[in-house]
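Asks: Sequence and predicted structure below; questions after.
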Amino acid sequence: MIAYVTVGADDIARAERFYSAFLTALGYRLEEYHGDLSYIPPVQPGQSQVSPDFYVKSPFNGGAASAGNGAMVAFEARSQSQVRDLHAAALAAGGSDEGQPGFRASYGSHFYVGYLRDPNGNKIALFCSNPDEPGRDG
């Protein structure tokens, strides 16, 4: 099981604006620790803490943050409309578009996804695969 995911950021305040624009809407709770950000997944009543946490930190080596080529973190939304809304909110909060929300031929007929880059270039996906919503073919 993945316990946590970490991305680097050179400007924590800018990163907080970007990530809080959509993670808090998905139920994540923000905690700050020594100036870094920890987004804690939502816990349903009667459940124990779930993983993975999502951390945004200044690089430990003091160097500049950089994005991994081929690395991406995906967050699941409840609906296609939430994917669109959160994608727009993240763009307004300083992200850049890496692929407008929609269906992709490479994935299942109900996989609806939008792609972004955070202010440091880390690739983020917001997706929904709700079988109760219209699919690519219908």
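Replies: Thanks, I have it. If you're wondering where the values come from, they're calculated on a predicted model, not measured in any experiment. Residues are numbered from 1 along each chain as shown.

Asks: For the helix or strand hosting V83, give me every contacting residue.
Replies: Taking DSSP states H and E as the criterion, V83 maps to helix 80-92. With contacts defined as Cβ atoms under 8 Å, 6 or more residues apart in numbering, helix 80-92 is touched by 18, 21-22, 25-26, 77, 97, 100-101, 112-114, 116, 124, 126-128, 130, 133-134. Every C-beta, even on glycine, is put in place using the N, C-alpha and C of the backbone.

Asks: Show me just the buried residues among those residues.
Replies: 18, 21-22, 26, 77, 101, 112-114, 116, 124, 126-128, 130 (16 or more other Cβ atoms under 10 Å).

Asks: Distance of P52 relative to P41?
Replies: Distance, P52 to P41, using Cβ to Cβ, to the nearest Å: 7 Å.

Asks: now do I124
Replies: Taken as Cβ to Cβ, the span from I124 to P41 is 15 Å.

Asks: Same question for F18.
Replies: Distance from F18 to P41, by Cβ to Cβ: 18 Å.

Asks: Likewise for C128?
Replies: Distance, C128 to P41, using Cβ to Cβ: 17 Å.

Asks: Would you mind writing the CA trace of the lengthiest strand in the chain as PDB?
Replies: Across the chain, the longest stretch assigned as strand under DSSP state E is strand 96-103. The C-alpha trace of strand 96-103 is given here as PDB (Å, rounded to 0.1, in the frame of the first residue of the first chain):
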ATOM      1  CA  SER A  96      -1.500  25.100 -16.400                       C
ATOM      2  CA  ASP A  97      -3.600  22.900 -18.600                       C
ATOM      3  CA  GLU A  98      -2.100  19.600 -19.700                       C
ATOM      4  CA  GLY A  99      -5.400  18.300 -21.200                       C
ATOM      5  CA  GLN A 100      -9.000  19.500 -20.900                       C
ATOM      6  CA  PRO A 101     -11.500  17.300 -19.100                       C
ATOM      7  CA  GLY A 102     -13.000  14.700 -21.300                       C
ATOM      8  CA  PHE A 103     -12.900  11.000 -22.400                       C
END
